[in-house]
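Participant: Below: sequence and its predicted model.
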Amino acid sequence: MTPGAGETPHIELDFTAQEPLPQPAIARANELMASGKLFRYGETTAGENDAAELEAEFAALVGAKFCVAMNSCGASLAAALIAAGVERGDQVMMNAFTLAPVPGAVAHAGAEPVFVGITSSYHIDLDDLRRAAETTGSKWLLLSYMRGHICDMDDVMALCAELDVTVIEDCAHTMGAAWNGQPSGTFGVAGCFSTQSFKHANSGEGGLLVTNDEDLAARAILLSGSYMLYEQHGARPAPEVFDRHRFHMPNFSMRMSGLAAALARPQLALLPDRARRWNELYVQLATGIGAIEGITVPERNEREGYVASSIQFTVDDPTNMAAFITFAKDHGVAIKWFGADDPVGFTSRFDHWRYAPEQSLASTQQILAGLCDMRIPLTMTTQQVANIVEIIAAAAAAHTASNEF
């Protein structure tokens, strides 16, 4: 529909739309379903093992020694924490701007989340990280690259080394991304990636844990549910490493299925092209939205090799935000908002997770009050980008006008 003069456009776009899976993924999935051999291990023989192949291929992709395929990124995070040595009752620091599976992984490990404030660029606040570490004595940081925003890793790792804090990376939104040329997930003792449908490789659900620590890798493999079939893993330590741990690690049955791995494997080769296309759309959106009065899109560091499958922006005056969100929705633009009093869909924030100790982070609350989040489907066209910018500009103008009264 073409709007008339002065009329705000309406777009027809599914913001959750996915591209079709590659034909090799579909063919392999059909082979597995026809065979009925869907379990993650072979009891008498390993045979063809898609999860093991994915582990080897992904480890090579990011330059890590070991990789463990899990049934979700949240499971990967929990396993990484436990395998790294987090114990029940420990306090684990993490960005206050993240999604529910991240504190959930901390709870899964029996530990307590300690939320750390963020900056207006959506990065972890290093001053608050120092405060939190010194106040709580925590020696663990679960660092989220929330929605693909990579902080200054040189500064983060230097501070954590000074504080003797061990870093585990939540890379759910940074598959294929890097900081200053170094792949995301290779800075801390472990990095955890997602193959959920809305991420950079789509297997429906899945997680990948990478590490260079052989003991951490062996523990994670045993935790994932390997039984004593750990030699069927594709990027594993030597058998003697498992001998140190196999009687001490519980089986949490979190291993990725062969079917999910079969869907993910052919998509690894597509990551560079997907990154290019996502980033082209992101730059167009960021340029247009960032030019709207009353809205801020943070500038990104030139060392950040991001893969922007979504875009975030801040409405400077968060008064009456619900009307802003509704205006955009009524014109076809699906925006998630982190300032809502109640969690909605996938979107919640640190003060909603009441199983964690209550914390007061006034500056972060203020940032989240106006923080908006929008998916970038690869099906989006240049014309739709222009219409989205126009709709958000109209929503901002109506928002400003309503706040003047």
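Facilitator: Sure thing, it's come through.
Participant: What part of the protein, helix or strand, is modelled with the least confidence?
Facilitator: helix 382-403 (a mean of 90; mean pLDDT, DSSP states H and E).
Participant: ok, which stretches of the stretch 151-300 of the chain are strands?
Facilitator: Under the criterion DSSP state E, counting those that start in this stretch, the stretch 151-300 of the chain contains strands at 166-171, 178-179, 182-183, 190-194, 207-211, 295-296.
Participant: Distance from the chain centre to the last one, please.
Facilitator: A distance of 23 Å separates the C-alpha centroid of strand 295-296 from that of its chain, computed with Cα atoms, centre = their mean, to the nearest Å.
Participant: which strands and helices sit next to it?
Facilitator: Counting by 3 or more Cβ pairs under 8 Å, 6 or more residues apart in numbering; DSSP states H and E, the packing neighbours recorded for strand 295-296 are strand 310-315. Using the backbone N, CA and C atoms, a C-beta is placed for each residue, glycine as well.
Participant: quick one: average confidence on the strand it packs on?
Facilitator: Across strand 310-315, the average pLDDT comes to 97.
Participant: Identify the residues contacting that strand?
Facilitator: Outside strand 310-315, the residues that touch it by Cβ atoms under 8 Å, 6 or more residues apart in numbering are 120, 122, 147-149, 173, 282, 285-286, 289-290, 294-298, 321, 324, 367, 370-376, 396, 399.
Participant: Could you give me the buried positions within the helix or strand following it?
Facilitator: Where DSSP states H and E defines the elements, the next helix or strand beyond strand 310-315 is helix 321-330. The neighbour-count check on helix 321-330 (16 or more other Cβ atoms under 10 Å) flags 321, 324-325, 327-328 as buried.
Participant: same check, this time on stretch 379-394
Facilitator: Neighbour-count burial for stretch 379-394 flags 380, 384-385, 387-394 (criterion: 16+ other Cβ under 10 Å).
Participant: Return the residues in contact with Asp164.
Facilitator: Lys139.
Participant: Quick check: pLDDT value at it.
Facilitator: With respect to pLDDT, Asp164 scores 98.
Participant: and the angle from the least confident helix or strand of the chain to strand 310-315?
Facilitator: Interaxial angle, helix 382-403 versus strand 310-315 (axes from the mean of the first three to the mean of the last three Cα atoms, to 10 degrees): 20 degrees.
Participant: Packing partners of helix 382-403?
Facilitator: If you count contacts as 3+ Cβ pairs under 8 Å, 6+ apart, helix 382-403 packs onto helix 271-290, helix 321-330.
Participant: Including distance to Leu126 and mean pLDDT, could these go into a markdown table?
Facilitator: Output for these, formatted as a markdown table (distance: least, Cβ to Cβ, whole Å; pLDDT from 0 to 100):
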| stretch | distance to Leu126 | mean pLDDT |
| --- | --- | --- |
| helix 271-290 | 24 | 98 |
| helix 321-330 | 28 | 95 |
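Participant: most centrally placed residue in this protein?
Facilitator: Residue closest to the average C-alpha location in the chain (Cα atoms, centre = their mean): Ala172, at 2.3 Å.
Participant: Give me the phi and psi angles of it.
Facilitator: Torsion angles at Ala172 (phi, psi; degrees, to the nearest 10) stand at phi -60, psi -30.
Participant: Show me what the nearest residue to it once chain neighbours are set aside is bridged to.
Facilitator: Leaving aside its chain neighbours, Ala172 sits nearest to Ser194 (4.0 Å; criterion: Cβ to Cβ, 6 or more residues apart in numbering). Beta bridges link Ser194 to Gly207, judged by DSSP bridges.
Participant: Hmm, Ser194 is touching Gly206, no?
Facilitator: Yes. Ser194 is in contact with Gly206 according to Cβ atoms under 8 Å; the separation is 7.1 Å.
Participant: Need the overlap of contacts for these two.
Facilitator: By Cβ under 8 Å, 6+ apart, Ser194 and Gly206 have these common neighbours: 72-73.
Participant: who touches Ala109 in this structure?
Facilitator: Counted by Cβ under 8 Å, 6+ apart, Ala109 has contacts 78, 81-82, 86, 88, 90, 92.
Participant: go with 7 Å
Facilitator: The contact partners of Ala109, taken as Cβ atoms under 7 Å, 6 or more residues apart in numbering, are 78, 81-82, 86.
Participant: Spatially, what comes nearest to it if we skip its sequence neighbours?
Facilitator: Nearest non-adjacent residue to Ala109, counting by Cβ to Cβ, 6+ apart: Leu81, 4.2 Å away.
Participant: before we move on, which element is the one you found in?
Facilitator: Here Leu81, judged by DSSP H and E, is contained in helix 73-84.
Participant: okay, the angle between that helix and strand 190-194?
Facilitator: Comparing the axes of helix 73-84 and strand 190-194 via the same axes, to 10 degrees yields an angle of 170 degrees.
Participant: Remind me what helix 73-84 packs against, helices and strands.
Facilitator: Here helix 73-84 touches helix 101-108, strand 166-171, strand 190-194, strand 207-211, helix 214-224, going by 3 or more Cβ pairs under 7 Å, 6 or more residues apart in numbering; DSSP states H and E.
Participant: mind putting the ones you listed in TSV, distance to Asp351 and mean neighbour count included?
Facilitator: Converted to TSV, the helices and strands packed on helix 73-84 look like this (distance: least, Cβ to Cβ, whole Å; neighbours: other Cβ atoms under 10 Å):
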stretch	distance to Asp351	mean neighbour count
helix 101-108	11	23
strand 166-171	19	26
strand 190-194	24	29
strand 207-211	26	31
helix 214-224	30	26
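Participant: State the pLDDT value of Gly305.
Facilitator: For Gly305, pLDDT reads 98.
Participant: and it, how far is that from Leu216?
Facilitator: To Leu216, Gly305 is 25 Å away according to Cβ to Cβ, to the nearest Å.
Participant: Likewise for Ala59?
Facilitator: For Ala59, the distance to Leu216 equals 14 Å [Cβ to Cβ].
Participant: Hmm, Ala75 is touching Met254, no?
Facilitator: Yes. Contact criterion Cβ atoms under 7 Å: Ala75 and Met254 qualify, at 4.0 Å.
Participant: which of those two has more neighbours?
Facilitator: Ala75 (28 against 22; other Cβ atoms under 10 Å).
Participant: In contact with that one, which residues?
Facilitator: 207, 254.
Participant: Over to Gly204?
Facilitator: Gly204 sits next to 197, 260 when contact means Cβ under 7 Å, 6+ apart.
Participant: No further questions, thank you.
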